[in-house]
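J.: Predicted model and sequence follow; I will ask about them next.
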Amino acid sequence: MARRLVGADAEVVIRVTDLEVGFGTKTIMKHLNLDVRRGEILGFVGASGTGKSVLTRAILGLVPKRAGKIEVFGEDLDKLSRISRKAIEQRWGVLFQQGALFSSLTVKQNVQVPMREYLDLSERLLDELAMLKIEMVGLNPDAADKFPSDLSGGMIKRAALARALALDPDIVFLDEPTSGLDPIGAGEFDELISTLQQTLGLTVFMVTHDLDSLHSVCDRIAALGEGKIIAEGTIETMLASTNPWLKAYFHGKRARAAFSAGN
Ligand SMILES: Nc1ncnc2c1ncn2[C@@H]1O[C@H](COP(=O)(O)OP(=O)(O)OP(=O)(O)O)[C@@H](O)[C@H]1O
């Protein structure tokens, strides 16, 4: 899979400025700045516990920020009316870690949850749309009536992706989409993300530890450390970084294996 270059002049769809987030006496990030450009797959890396999920959740408005500004499609999220906020929420989809499907609902019903929340459609249309999403992520139609407990890890991720795509979003947030998958399953999932990104013109914000994903599908990478973005750019930029964590991560044994396999 060839990486596409999204120019620096591409429209910024998410802009995070001077963000500070903390819990109690603990500050997780401070003065954090990050742009995500339209049509790119941005890989977001950093050591465990640095705050990758927290940043994702802060952008989504699921954890409060102490300072800073988050703009999505040029709109300051703090300044939106409830209706405008809902309109923005319809333009993003989220795949949380471990899929986070509702265990008491079937795959089809899970995919329909955002549709029921945001759209006013007949049952027939809801069914048709859900089946479309289920097929789009490469699941067999008979997976639609299965419960999450009947699915393999890879199928759960696909079902969660179908739910993230339920409202035809412009942006998809993926929190460690390939974690827990075997290398073949992870590779197939990467390929699916890349294909969907291209066919649907998605912007993808992907938190990942997976060096193969970073190498094969990400256009750009941003690395989080000590509460800030410590490096931002292509794999080549990461490889050239002198930051000790980035050096260890991108030049370690696993990285060499991933990069030589990809070349
Ligand atoms: N709701 C919360 N209340 C208190 N502390 C929290 C909360 N959510 C996250 N944290 C803390 O924030 C820090 C960052 O957590 P986060 O899950 O974002 O890390 P991460 O970079 O995504 O890690 P990993 O790669 O292991 O998933 C951790 O120290 C975590 O304990």
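T.: Okay, I see it.

J.: Show me the shaky parts of this protein.
T.: For the chain, the stretches with pLDDT under 70 are 1-8, 98-99, 254-263.

J.: most residues in a single helix of it, which one?
T.: The residue-count maximum for a helix in the chain (DSSP state H) belongs to helix 183-200.

J.: Residue 169 reaches residue 89, doesn't it?
T.: No. Contact criterion Cβ atoms under 8 Å: residue 169 and residue 89 do not qualify, at 9.4 Å. Placement of C-beta: from N, CA and C, glycine included.

J.: Quick one: list the elements packing against the longest helix of the chain.
T.: In this structure, helix 183-200 makes packing contacts with strand 41-46, helix 153-164, strand 203-207, helix 211-216, judged by 3 or more Cβ pairs under 8 Å, 6 or more residues apart in numbering; DSSP states H and E.

J.: what's the angle between it and strand 203-207?
T.: Angle of helix 183-200 versus strand 203-207, following axes from the mean of the first three to the mean of the last three Cα atoms, to 10 degrees, is 160 degrees.

J.: Could you write out the alpha-carbon coordinates of helix 183-200 in PDB?
T.: Extracted C-alpha coordinates of helix 183-200, given in PDB (Å, rounded to 0.1, in the frame of the first residue of the first chain):
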ATOM      1  CA  PRO A 183      -0.700 -10.300  12.400                       C
ATOM      2  CA  ILE A 184      -2.800 -11.500   9.500                       C
ATOM      3  CA  GLY A 185      -6.000 -10.200  10.900                       C
ATOM      4  CA  ALA A 186      -4.300  -6.900  11.700                       C
ATOM      5  CA  GLY A 187      -2.900  -6.600   8.200                       C
ATOM      6  CA  GLU A 188      -6.400  -7.300   6.700                       C
ATOM      7  CA  PHE A 189      -7.900  -4.700   9.000                       C
ATOM      8  CA  ASP A 190      -5.200  -2.100   7.900                       C
ATOM      9  CA  GLU A 191      -6.000  -2.800   4.300                       C
ATOM     10  CA  LEU A 192      -9.700  -2.400   5.000                       C
ATOM     11  CA  ILE A 193      -9.100   1.000   6.700                       C
ATOM     12  CA  SER A 194      -6.900   2.100   3.800                       C
ATOM     13  CA  THR A 195      -9.500   1.000   1.200                       C
ATOM     14  CA  LEU A 196     -12.400   2.700   3.000                       C
ATOM     15  CA  GLN A 197     -10.300   5.800   3.500                       C
ATOM     16  CA  GLN A 198      -9.800   6.000  -0.200                       C
ATOM     17  CA  THR A 199     -13.300   5.100  -1.400                       C
ATOM     18  CA  LEU A 200     -15.100   7.200   1.200                       C
END
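
J.: Identify each buried residue in it, please.
T.: The neighbour-count check on helix 183-200 (16 or more other Cβ atoms under 10 Å) flags 185-190, 192-194, 196-197 as buried.

J.: repeat for stretch 57-72
T.: Applying a neighbour-count criterion of 16+ other Cβ under 10 Å, one finds 57-61, 63, 65, 68, 70-72 buried in stretch 57-72.

J.: Which members of those occur in helices, if any?
T.: Under the assignment DSSP H, those contribute 57-59 to helices.

J.: and those residues as TSV, adding distance to residue 159?
T.: TSV is the format used below for those (distance: Cβ to Cβ, whole Å):
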residue	distance to residue 159
57	21
58	26
59	23
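
J.: dump the residue contacts of the closest residue to residue 18 other than its chain neighbours.
T.: Excluding the flanking residues, the one nearest residue 18 by Cβ to Cβ, 6 or more residues apart in numbering is residue 68, at 4.3 Å. Contacts for residue 68 (Cβ atoms under 8 Å, 6 or more residues apart in numbering) come out as 16-20, 31-32.
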